[in-house]
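Asker: sequence and predicted model, in that order:
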Amino acid sequence: MPRPAPAAPSSEVRRSQRTRDVAETPASPSDGRLTGSVRGARVRSAPVAWSLERRLPVLISVLVACVVGGLGFAAYRETRSAAIDRTSERLERVGRELVETAARATAVRDDALRALADEPLIRNAVAGVAATAGVAARLDAARDPSDSTLLAWQIATVAGEPRVSTGVAWAPADSAALSALTGAVIESGATRHSPFYAVGDRVHAWVATPILVGGRAVGTLAALRRVGDNAGADATIRRIVDDDARMLFTSLGSREWASPRGRPVSAPFALPATQGTAVRVQAGDDGAFAVQNTVPGTPWTVVLFQSQASVLRRPHEFLRGLVGAGLLVLAVATLGAWLLSRHVTRPLRDVTAAVASLAHGKYDRRVDVSGGGLEMATLGSTFNGMAAAIGDAHAQLAERNAELQRANAAKAQFLAMMSHELRTPLNAIGGFTELMELGLRGPVTPEQVEDLGRIRRNKDLLLSIIGDILDFTRAEAGVLTVELEPVLVAPLLGDVVSAVGRQIEAKGVRLVVSAVPANAIARADHAKMQQVVLNLLSNALKFTEPGGEVRVDTRVDGAMVYLDVRDTGPGIDADQLEAVFEPFVQADSSLTRRAGGTGLGLAIARQLATAMRGSVTVRSTVGAGSTFTLALPHAERAGVSRPPQPISSAAPQAV
């Protein structure tokens, strides 16, 4: 690729008056140590990791915790399930016994009531032909002296007209319950029981049976009863089931609940849907296990329940003891694992310290890992041998490095001499060629002018190749110096377009430079940035056929300024995108390639961009062209104010 023309003196004077930030990439001669660090490179620290001495106790502790926790959880679940099963079995068994007892007592009373309803005196009372006093005396005589729950009697007609009533005065609730019950008795022709209902601080219920004459109901005989005050029932239930167990009475479809003392109580929970099976219910803020059993032939239900807290009291005590034992086991296991890890990792720490010393250049360090087992002894012996080998290699590398430094100095001297010796005759060739073209040495024919032009062009090409090789050699030797300063992109592009304009016109390629943003100010070395852009344009021109287009777009994105150089050439294969930046490499390296050159232009461009804290990248599509992007820091984002002079680049320009 052709080298950029040197900057004008006036430009050098202007730049020397600005604040400069000189960023030099020094040579990095090896000092003989095995290190690959480069001055100015950012070294990433390794992620912090736990040592084996810490990790081993943690791993063993976690393993013990998982085992103990898993076994403990399984044991707790088994204990909990057994406690629930035992409680459910007791509730169901006691509930069955209670309802069987209540059923027998209810059946005895129902039989006595039906037998009384079959007596002629009771039938005559319904018909109104029996003396009221005699009927009342018979009813009083039918009452068991030990039965304190019977409150009153009533004999009524089918229409509900009372014939005989004895006992206590009735409350309105009693009358309402009796009215509903007698209708059901007449309709069914069988004995019926009313649901429990509260009257003051007591709970009542009616039992009624039909009075039959010739198989037809002519009236009803009803007995009003209250729920008895059984003071020992609660104690018995607690003794059989649990201290926290309770028994209550209610009726199907009723909201009235009664205690064994015959007192109305609030419903502790919604009545379960199942009969005879213990289920979990929600009682207030806590749960409970309850079983309900309905007395056969009645709506009366006996409910037994026990709070979930009492059911799970023993499993929770077992769990607390298990947790304490598990913590003790875990503490012992952690202490043992820590002691074991210290014993195991002590030789490893010694080897690690020796390796760190070796990394800092102390090649005479040796380790003694006696007592660490066969593996540690083998490791120590291997390390000592490696350290000895590295020490020998270090001495050899130091000697070779001195030789390389001497060779590098000789190469630099040779290149400087060759630069002068090659450029001087080539410039002389160019000068005499121009004299002959001007006819100062005598008339020349058109054919001779054309030949002289070929000589001059090849002279320029040879000078460009020599310049590329020298630039690349300087960069490789680490003596490349850059002076960073704010660079206006628009004027720089104008200078580059002027430099390549003649080549573009000669090849018949269209060059389009889009409008440059007003804030496009790069922080770079002016001459080297101009050389990079010129190399990219020359590369795009080289691979663009006549009639094609090369386009330069400038954009500012965040803290970077980007210059995109697009061409309509043949494109680059994906596996060759990075190879084109290697020295002396071209995408088409065959002997029949159409584009010439040394293959150093892109390599030099990337080296210069990297030295200016930027980059050169490429993206390409085979058959559709390539785009090379130069990215440089934005001067304003880098803390440098924008120069006062405006940039006139409002519209795209085409050549």
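Answerer: Ah, there it is. Numbering: from 1, shown residues only.
Asker: show me where the stretch 1-150 of the chain has helices.
Answerer: Under the criterion DSSP state H, counting those that start in this stretch, helices of the stretch 1-150 of the chain are mapped to 9-16, 52-117, 120-127, 132-142.
Asker: quick one: closest of these to Ala605.
Answerer: Relative to Ala605, the nearest member of these by Cβ to Cβ is helix 9-16, separated by 20.7 Å. C-beta here means a position set from N, CA and C on the backbone, and glycine is covered the same way.
Asker: pick the most buried one from the helices of the stretch 1-150 of the chain.
Answerer: Of all the helices of the stretch 1-150 of the chain, helix 120-127 has the most neighbours on average by mean count of other Cβ atoms under 10 Å, namely a mean of 18.
Asker: same list, the helices of the stretch 1-150 of the chain, but as a markdown table with mean pLDDT and distance to Trp338 please.
Answerer: Below are those laid out as a markdown table (pLDDT from 0 to 100; distance: least, Cβ to Cβ, whole Å):
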| stretch | mean pLDDT | distance to Trp338 |
| --- | --- | --- |
| helix 9-16 | 36 | 66 |
| helix 52-117 | 89 | 4 |
| helix 120-127 | 89 | 93 |
| helix 132-142 | 88 | 87 |
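Asker: and Pro315, how close does it get to Ala624?
Answerer: Noted for Pro315: a distance of 75 Å to Ala624, by Cβ to Cβ, to the nearest Å.
Asker: those two: who's more crowded?
Answerer: Pro315 (19 against 13; other Cβ atoms under 10 Å).
Asker: ramachandran coordinates for that one?
Answerer: phi -60, psi -40 (degrees, to the nearest 10).
Asker: show me where the stretch 551-655 of the chain has helices.
Answerer: Under DSSP H, counting those that start in this stretch, the stretch 551-655 of the chain gives helices at 601-611.
Asker: could you give the bridge partners of the nearest residue to Pro517 once chain neighbours are set aside?
Answerer: Excluding its sequence neighbours, the residue lying closest to Pro517 (Cβ to Cβ, 6 or more residues apart in numbering) is Val556, at 5.3 Å. For Val556, the beta-bridge partners under DSSP bridges are Val561.
Asker: pull the contacting residues for Val556.
Answerer: For Val556, the contacting residues are 517, 519-520, 562, 634, by Cβ atoms under 8 Å, 6 or more residues apart in numbering.
Asker: show me the two of the residues you listed that sit farthest apart.
Answerer: So, these by Cβ to Cβ: farthest apart are Asn519 and Tyr562, at 12.7 Å.
Asker: and these two? which has more neighbours close in?
Answerer: Shown here are Asn519 and Tyr562; by other Cβ under 10 Å, Tyr562 has more neighbours (20 against 14).
Asker: state the distance from that one to Val618.
Answerer: Relative to Val618, Tyr562 is positioned 13 Å away (criterion: Cβ to Cβ).
Asker: name the residues contacting each of the two.
Answerer: Residues touching both Tyr562 and Val618 (Cβ under 8 Å, 6+ apart) are Thr629.
Asker: tell me the pLDDT at the residue nearest to Pro517?
Answerer: Note on Val556: pLDDT of 92.
Asker: could you give the angle of the helix or strand hosting Ala540 to helix 601-611?
Answerer: Taking DSSP states H and E as the definition, one finds Ala540 inside helix 526-542. Orientation check (axes from the mean of the first three to the mean of the last three Cα atoms, to 10 degrees): helix 526-542 against helix 601-611 gives 150 degrees.
Asker: only alpha carbons, please: show helix 526-542 as PDB.
Answerer: Extracted C-alpha coordinates of helix 526-542, given in PDB (Å, rounded to 0.1, in the frame of the first residue of the first chain):
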ATOM      1  CA  HIS A 526      -2.400  13.000  13.600                       C
ATOM      2  CA  ALA A 527       0.300  11.600  11.300                       C
ATOM      3  CA  LYS A 528      -0.300   8.000  12.400                       C
ATOM      4  CA  MET A 529      -4.100   8.300  12.200                       C
ATOM      5  CA  GLN A 530      -3.700   9.700   8.700                       C
ATOM      6  CA  GLN A 531      -1.500   6.800   7.800                       C
ATOM      7  CA  VAL A 532      -4.000   4.200   9.100                       C
ATOM      8  CA  VAL A 533      -6.900   5.800   7.200                       C
ATOM      9  CA  LEU A 534      -4.800   6.000   4.100                       C
ATOM     10  CA  ASN A 535      -3.800   2.400   4.400                       C
ATOM     11  CA  LEU A 536      -7.500   1.300   4.800                       C
ATOM     12  CA  LEU A 537      -8.500   3.400   1.800                       C
ATOM     13  CA  SER A 538      -5.600   2.100  -0.300                       C
ATOM     14  CA  ASN A 539      -6.600  -1.500   0.700                       C
ATOM     15  CA  ALA A 540     -10.200  -0.900  -0.300                       C
ATOM     16  CA  LEU A 541      -9.200   0.700  -3.600                       C
ATOM     17  CA  LYS A 542      -6.900  -2.200  -4.400                       C
END
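Asker: pLDDT (mean, whole number) over it?
Answerer: In the prediction, helix 526-542 has an average pLDDT of 88.
Asker: and that helix, what's buried?
Answerer: 526-542 (16 or more other Cβ atoms under 10 Å).
Asker: for stretch 201-215, which positions count as buried?
Answerer: Buried residues in stretch 201-215 (16+ other Cβ under 10 Å): 202-211.
Asker: quick one: end-to-end distance for stretch 184-200.
Answerer: Distance across stretch 184-200, first residue to last, is 26 Å (Cα to Cα, to the nearest Å).
Asker: contacts for that stretch, please.
Answerer: In contact with stretch 184-200 (Cβ under 8 Å, 6+ apart) are residues 106, 110, 113-114, 158, 171, 173-174, 177-178, 180-181, 203-210, 212, 217, 220, 227, 249-254, 256-258, 264, 297-300.
Asker: for the contacts of Val556, which one is nearest Ala309?
Answerer: Comparing these against Ala309 with Cβ to Cβ places His634 closest, at 70.8 Å.
Asker: residue contacts, that closest one?
Answerer: By Cβ under 8 Å, 6+ apart, the neighbours of His634 are 519, 521-523, 556, 558-561.
Asker: would CSV of the residues you listed with distance to Val135 be doable?
Answerer: Shown next, in CSV, are the contacts of His634 (distance: Cβ to Cβ, whole Å):
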residue, distance to Val135
Asn519, 118
Ile521, 123
Ala522, 124
Arg523, 123
Val556, 116
Gly558, 110
Ala559, 113
Met560, 116
Val561, 120
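Asker: drop anything exposed from the residues you listed.
Answerer: Buried by 16+ other Cβ under 10 Å: 521-523, 556, 560-561, out of these.
Asker: which of those sits closest to Ala609?
Answerer: Using Cβ to Cβ, those come closest to Ala609 at Ala522, 10.7 Å.
Asker: show me what Thr629 bridges to in the sheet.
Answerer: Asp564, Thr617.
Asker: quick one: pLDDT of it?
Answerer: 93.
Asker: helix/strand/coil for Gly442?
Answerer: coil (DSSP: H, G, I helix; E, B strand; the rest coil).
Asker: and it, how far is that from Gln448?
Answerer: Distance from Gly442 to Gln448, by Cβ to Cβ: 10 Å.
Asker: of the two, which one has the most company?
Answerer: Set Gly442 next to Gln448 and count neighbours by other Cβ under 10 Å: Gln448 wins out with 13 against 6.
Asker: list the contacts of the more buried one.
Answerer: Applying Cβ under 8 Å, 6+ apart, one finds that Gln448 lies in contact with Met436.
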